[in-house]
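In: predicted structure and sequence below. I'll ask about it afterward.
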Amino acid sequence: MQTIIGSGGAIGVPLAKELSVYTKDIRLVSRNPKKVNETDQLHPCDLKDFSSIDAAIAGSDIVYVTVGFEYNIKVWQAVWPPFMRAVVDACIKHKAKLVFFDNIYSYDPKAVGMLTEDAPLNPMTKKGRVRKSLVDMINKEVSAGNLTAMIVRAADFYGPAVNTSILIEMAAKPMKAGKTANAMGNIDKIHTYTYTPDAGKATAILGNTPDAYNQVWHLPTTKEKLTTRQWMEMAAKEIGVQPKIRVAPMWMLKLMGWFVPVMREFPEMMYQFDNDYIFDSTKFEKRFGITATKPETGIKEMVAAMN
């Protein structure tokens with residue numbers, strides 16, 4: 001049994017599709033899970049009810065955590081640690097392997113120009129410190145011999161049916177509506193992206209590779225050193241419009257936060273947009289011989305999926 005906790009999101013859906021290559025026993029766990037494969041087992045669960053996590057994991061051989069809680073630091077501080085504690089305890093109790101789908105926030109911001117699996121964990125942001133606490137929790141149990149687990153990480157997402165992608169929400173959607181695209185930071189800095197179908201496939205491969213555990217893996221991510229401007233121009237070309245881009249200064253983001261609460265969360269993460277953001281996935285590519293989808297193909301699929 002392979003279980004996905006947070007099964008309906010940008011990674012959970014492509015992961016479920018790819019897991020069908022390895023097993024027909026797939027359990028999808030979320031508030032309102034929907035089948036991806038015909039044989040999927042659905043397990044409705046309020047993931048903020050930590051007492052319900054044990055039942056969601058019972059009987060699992062591998063557990064994938066792909067959930068994304070509300071992008072709000074207060075929610076993260078209140079929910080992520082007890083949720084992960086419940087997951088870890090249940091995996092230990094039921095002898096299930098754990099695959100945690102993480103992001104880059106726990107890395108030292110100074111390493112963002114070339115992020116490898118060996119980059120130092122030294123977060124300078126509140127969200128980064130939350131993420132590091134989860135990794136520390138997992139690693140402590142692995143070191144004690146209580147848990148078999150791995151950390152997989154990706155860069156910012158793009159791809160079909162992704163409603164959490166900055167590239168889609170701030171650029172592609174406005175351009176398709178005939179409006180000006182919005183951007184943050186220095187749009188002439190390099191910014192690498194992970195194509196969600198690639199992330200799903202790679203996570204399934206890693207989860208079903210026994211000797212890949214108790215390591216950190218970066219999932220296949222664009223090798224092309226494209227700037228934010230070039231990504232937006234590529235999207236505009238695929239949509240069939242002229243690229244009109246407006247860069248929001250920091251003061252505007254803070255002002256917008258008064259009216260759009262999620263915008264309050266962006267200023268502390270601006271180091272990712274003010275500097276080159278290069279996410280390296282050489283380790284995975286060398287081990288499995290799989291590279292990321294070409295940006296032109298990924299953008300084409302992304303735009304085609306936008307209705």
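Out: In hand now; what should we look at?
In: quick check: Ala149 touching Phe101?
Out: No - with contact defined as CB atoms under 8 Å, Ala149 does not reach Phe101; the gap is 11.8 Å. In short, each C-beta sits where N, CA and C put it, glycine included.
In: what about this protein, any weak spots by pLDDT?
Out: Applying pLDDT under 70 to the chain flags the ranges 253, 256-265, 307.
In: which elements pack onto the helix ranked longest in it?
Out: Criterion DSSP state H: the longest helix present in the chain is helix 73-94. Packing partners of helix 73-94 (3 or more CB pairs under 8 Å, 6 or more residues apart in numbering; DSSP states H and E): helix 53-57, strand 62-65, strand 97-102, helix 126-143.
In: how about a cut-off of 6 Å?
Out: Counting contacts by 3 or more CB pairs under 6 Å, 6 or more residues apart in numbering; DSSP states H and E, helix 73-94 packs against helix 53-57, helix 126-143.
In: can you redo these as JSON lines with mean neighbour count and distance to Glu238?
Out: Formatted as JSON lines, these follow (neighbours: other CB atoms under 10 Å; distance: least, CB to CB, whole Å):
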{"stretch": "helix 53-57", "mean neighbour count": "19", "distance to Glu238": "39"}
{"stretch": "helix 126-143", "mean neighbour count": "17", "distance to Glu238": "31"}
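In: between those, which one is nearest to Ala304?
Out: Across the helices and strands packed on helix 73-94, Ala304 has its closest neighbour in helix 126-143 (32.1 Å, CB to CB).
In: now the closest one against strand 97-102, angle please.
Out: Angle between the axes of helix 126-143 and strand 97-102 is 160 degrees (criterion: axes from the mean of the first three to the mean of the last three CA atoms, to 10 degrees).
In: who touches the helix or strand just after helix 126-143?
Out: For helix 126-143, the succeeding helix or strand toward the C-terminus, using DSSP states H and E, is strand 149-153. Applying CB atoms under 6 Å, 6 or more residues apart in numbering, the contact partners of strand 149-153 are 98-102, 138, 142, 203, 213, 215-219.
In: and if we set it to 7 Å?
Out: 97-104, 135, 138, 142, 203, 206, 212-219 (CB atoms under 7 Å, 6 or more residues apart in numbering).
In: is there a quick ChimeraX command that grabs whichever of those residues are buried?
Out: To isolate the buried ones among these in ChimeraX, judged by 16 or more other CB atoms under 10 Å, type:
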select :97,98,99,100,101,102,104,135,138,142,203,206,212,213,216,217,218,219
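In: I'd say Ala56 and Gly6 touch.
Out: No - checked against CB atoms under 7 Å, the pair Ala56 and Gly6 is beyond contact range at 10.7 Å.
In: where do the contact lists of the two overlap?
Out: Residues touching both Ala56 and Gly6 (CB under 7 Å, 6+ apart): none.
In: ok, now how distant is the residue of the chain most remote from its centre from Gly178?
Out: Taking CA atoms, centre = their mean as the measure, the residue most remote from the mean C-alpha position of the chain is Gln242, 29.8 Å away. Here the criterion is CB to CB, to the nearest Å. By it, Gln242 lies 10 Å from Gly178.
In: backbone phi and psi for Asp156, please?
Out: The phi/psi pair for Asp156 (degrees, to the nearest 10) reads phi -60, psi 150.
In: list the contacts of it.
Out: Residues in contact with Asp156, defined by CB under 7 Å, 6+ apart, are 165-166, 193.
In: repeat that for Arg229.
Out: 187-188, 245 are the contacts of Arg229 under CB under 7 Å, 6+ apart.
In: is it in a helix, a strand, or coil?
Out: Recorded secondary structure, Arg229: helix (DSSP: H, G, I helix; E, B strand; the rest coil).
In: still on that earlier bit, which residue, other than its chain neighbours, is closest to the residue farthest from the centre of the chain?
Out: Ala236 (6.6 Å; CB to CB, 6 or more residues apart in numbering).
In: quick check, the one you found in contact with Pro243.
Out: Yes - contact criterion CB under 7 Å: Ala236 and Pro243 qualify, at 3.7 Å.
In: residues near Glu117, how many?
Out: A count of neighbours around Glu117, defined by other CB atoms under 10 Å, yields 16.
In: sorry, that was for Lys74
Out: 9.
In: from Asp49, how far out is the residue nearest to Tyr105 when sequence neighbours are not counted?
Out: Nearest in space to Tyr105, with sequence neighbours left out and distances taken as CB to CB, 6+ apart, is Gly128 at 4.0 Å. Between Gly128 and Asp49 the distance is 27 Å, computed by CB to CB.
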